[in-house]
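Asks: the following block contains a protein sequence and its predicted model.
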Amino acid sequence: MSERYNHQTTEAKWQKIWAEKESFKATEDSSRPKFYALIEFPYPSGEGLHVGHPRSYTALDIVARKRRMEGFNVLYPIGWDAFGLPTENFAIKTHQHPKSVTQKNIANFRRQLKSLGFSFDWSREVDTTAPDYYKWTQWIFLQLWKKGLPYKTNMPVNWCPSCKVGLANEEVVGGECERCGGAVVQRRRSQWMLKITAYAERLLSDLDTVDYLEKIKAQQRNWIGKSTGAEIDFTLPVLGDRALKVFTTRPDTLFGVTYMVLAPEHPLVTELLSHAKNPNAVKAYIEATARKSDFDRTEGAKEVSGVALEGVFAVNPATKKPVPVWIADYVLATYGTGAIMAVPAHDERDWRFAKKFGLPMIEVITGGDISKEAFTDIDCKDARMVNSGHLNGLTPPQAIDKMIGTVERENYGKASIKYKLRDWVFSRQRYWGEPIPMVECPKCGWVPLPESELPLKLPDVEHYQTSETGESPLSLMTDWVNTQCPQCGGSAKRETDTMPQWAGSSWYFLRYCDPHNDKELASRKALEFWTPVDWYNGGMEHTVLHLLYSRFWHKFLYDIGVAPTPEPYAKRTSHGLILGENNEKMSKSRGNVVNPDEVVKTYGADTLRLYEMFMGPFDQAIPWSTNGLMGMWRFLSRLWTFSEKVRPDKAEGDILRATHRTIRNVSERIETMKFNTAIAALMTLTNTFGELKEIPQDAWEVFLKLLAPFAPHIAEEMWEALGHKEILATAAWPKADPALLVENSVTIAVQVNGKLRATITVPRDAPNKDVEAAALSEEGVKRALNDKEPKKIIVVPNRIVNVVA
RNA sequence: GCGGGUAUGGCGGAAUUGGUAGACGCGGCAGACUCAAAAUCUGCUUUCUUCACGGAAGUGGGGGUUCAAGUCCCUCUACCCGCACCA
């Protein structure tokens, strides 16, 4: 063994050995329990790997390596989520084909990941842009079509003028494009939609069956946004008593309704307009709101606006009295029924609106002061119904139940549930995505491609730029677009929009189970063997959309008998961001980006892996520290010198106990993702070894096994130096002996009136009397007692003595 | 506004879940080695006070429960993340 540790040769050596031995290849071997560890497959950008990627990959690599040593049959796969905008934009800018850009980027990512020594099964690599992969993405779309889940509709879409692409609501952040940060405008366009709302209830309730971090579940619930209440019909005399349907979560306040509000886009508005005395003012208002972006509408929330439909009234079904009808943009066309009953006394927005326009208020719940603010505390002790006919005297929750009964009995409404979740905008006017396998025939309408024609390959095109009108680049490929209707054989046109990037990532974890299958998405046998994913780790930025979309697709695949389980991921955790050294988000423009290649070259993959796990709690954002990184390098260099001190002895006494304590600590802390303290435990044992002249080999071997998941290369090298022929990666994980976890004697604290005055060392489980006597004979205790008699002595065995004086 | 979270030395952070606050690492200081520097090694390193022994204070602020509180309860403050005119 050379004196100084050479990480470059050692790391290359072991990476080669693992590859040659196929040490991490997963097989469907049912003699051992399976474990499926999953990380979010990367988007292979031109910038190369970010130091944030290895944080997640190392964490599950540690878990995967530990599981293998524990005897599990482990699947830890990797692939590329390679369709998408940045590549396409880069290709346009540099006059290359997106395909070749993608291939280059993948090659670079593959090299970088391999240099970090992750125990991926490289034989199962998938690439969402490969035709034999997206064939199955398209196949899933055809299955969705059979069940009526995709539909095409003309709808306002968020349009990013700079990316020239329609965006899902989820991709618009604060009125700006999530990708480029430019302002988003509204356009009307025909778009493919997926009916994810049909799965809203199951996506919500099945969260109870999975082990996700609580905050992830909370975000999913929040996004789905379930509200229970009632739909109530108000009749509109001007339209011959046709109903204006509203949704409310507060049917108890029905007697407090003083006006109605329709969203400007509500379908009844046009008809009602002709009955209003002020049609021009109303039209002007509607046009003004149409010009506003969603962002302006919500950002201007403090300034309420609206217009009355003068002369138009709706009849409150509870009181039979007419109330005026208004139009205001604080009511959203896209939620509920697009219309509300306004109860200004008990709703903050209605209260603000009524104040501004001088509309009346009726208090129907006591307990607040509605002249100052809306009273909305439904669970307030003093809250009782008033001015509400048969509801008077009830608490609001009682009144809600009773009113729903009344509404249903008297037949002007029904109990109802609404969700915030909206259908998924599934088409993009871009080139670099999966073609949607649909054909539009003038006679037959939208017709799916037969499955035998899949994959529908992306044609090569000269220009990738979206046209100014917003059509996909594929629309310019007339040869490709013009085709025959699969149903009637007549001339027809292909869909030229492509799928969003979310499509390929919604099922990739299934493909890993059987990545080379050309008959099926994956064989039922392989899916039954590997799924569900046992542990999925990824970033918080994907805990809403990617998780929701992939759960949706998975549930659908379960329904049609493809996936064996209703939920794809048994457990989901998240890692925190790695910030720049200046505590800001890493970015080129801030000049604080750390390049993993350089770290690996200078300090080695093991140092990087250890450092990223040690830098702080795994789920928290944490700034990079080059000094901290060097500390890890010192730790490994120091370890290296210990090899010379190893003697073929058996550990005894304190060293044996320290070793077993470390086994327990490291084992537990890997499972709870407390990697920072797991490494601290390894360092503590290292410090113990440092004090020894000779290190017993059995203790040293245990240490190397514990180190192996974290710093696999150096651990293998030192393991081999001991004369082992089999690699460490497949050695057995050590078990802590409970008998060795307890000390023979314990040092316990002695307090006087709760303050530490001395420590005493006594035999484990010594009788309380002996412990008391030892405590009282301590100088520090005597001094603090100052000749006073103790009133009471509390002894917590093996922990603490507190003398109360 | 709603939901989730955080607050501990100069810094990143530990604390067996109510029992010796500051593990581990970084940084700093002193010493050894060296012509010198780097690297390495050895010690010290919460603050105040004391020549010293020792003592006092201390986990964002205030209050409470307890023999005992970073940990439990009440209350206030600050910051971070997500969602947000969602009826």
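Replies: Now that the structure is in, tell me what you want to look at.

Asks: what about the nearest residue to A:Asp121 once chain neighbours are set aside, how many residues nearby?
Replies: Residue nearest to A:Asp121 in three dimensions, not counting chain neighbours: A:Ala26, with 4.8 Å by Cβ to Cβ, 6 or more residues apart in numbering. For the C-beta atoms, the positions are set from N, CA and C on the backbone; glycine is no exception. Neighbour count of A:Ala26, defined by other Cβ atoms under 10 Å: 24.

Asks: likewise A:Leu60?
Replies: Residues near A:Leu60, counting by other Cβ under 10 Å: 23.

Asks: which element follows the helix or strand A:Ser56 falls within toward the C-terminus?
Replies: A:Ser56 belongs to helix A:52-69 when elements are defined using DSSP states H and E. Using DSSP H and E, the helix or strand that follows helix A:52-69 towards the C-terminus is strand A:73-75.

Asks: quick one: mean pLDDT for that following strand?
Replies: Averaged over strand A:73-75, pLDDT sits at 97.

Asks: and that strand, how far from the chain's centre?
Replies: The chain centre lies 24 Å from the centre of strand A:73-75; the measure is Cα atoms, centre = their mean, to the nearest Å.

Asks: over to stretch A:601-610?
Replies: 28 Å.

Asks: list the contacts of that stretch.
Replies: Applying Cβ atoms under 8 Å, 6 or more residues apart in numbering, the contact partners of stretch A:601-610 are A:7-8, A:10-11, A:51, A:54, A:58, A:61, A:115-117, A:596, A:599-600, A:629-630, A:632-633, A:635-636, A:679, A:710-714.

Asks: return the members of the residues you listed classed as buried.
Replies: With burial judged by 16 or more other Cβ atoms under 10 Å, the buried subset of the contacts of stretch A:601-610 is A:7, A:10-11, A:51, A:54, A:58, A:61, A:115-117, A:596, A:599-600, A:629, A:632-633, A:635-636, A:679, A:710-714.

Asks: rewinding a little: I figured the residue nearest to A:Asp121 was touching A:Phe120, is that so?
Replies: No - using Cβ atoms under 8 Å, A:Ala26 is not in contact with A:Phe120, being 9.9 Å away.

Asks: who touches both of these two?
Replies: By Cβ under 8 Å, 6+ apart, the residues touching both A:Ala26 and A:Phe120 are A:Tyr76, A:Pro77.

Asks: domain-wise, how is chain A divided?
Replies: Per automatic domain parsing, the structural domains of chain A span A:138-198+A:423-494, A:226-419, A:603-740, A:743-804.

Asks: any chance of the ones you listed in TSV, plus mean pLDDT?
Replies: Formatted as TSV, the domains of chain A follow (pLDDT from 0 to 100):
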stretch	mean pLDDT
domain A:138-198+A:423-494	85
domain A:226-419	90
domain A:603-740	94
domain A:743-804	87
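
Asks: so which of these gets nearest A:Leu547?
Replies: Relative to A:Leu547, the nearest member of the domains of chain A by Cβ to Cβ is domain A:138-198+A:423-494, separated by 11.8 Å.

Asks: just the helices in the stretch 451-600 of chain A please.
Replies: Assignment of helices within the stretch 451-600 of chain A using DSSP state H, counting those that start in this stretch yields the ranges A:478-481, A:508-511, A:524-530, A:545-559, A:596-603.

Asks: in a markdown table: those, plus distance to A:Gly182.
Replies: Supplementary listing: the helices of the stretch 451-600 of chain A in a markdown table, determined by distance: least, Cβ to Cβ, whole Å:
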| stretch | distance to A:Gly182 |
| --- | --- |
| helix A:478-481 | 29 |
| helix A:508-511 | 30 |
| helix A:524-530 | 42 |
| helix A:545-559 | 20 |
| helix A:596-603 | 30 |
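
Asks: point out the most buried one among those.
Replies: Comparing the helices of the stretch 451-600 of chain A by mean neighbour count (mean count of other Cβ atoms under 10 Å), helix A:508-511 comes out on top with a mean of 24.
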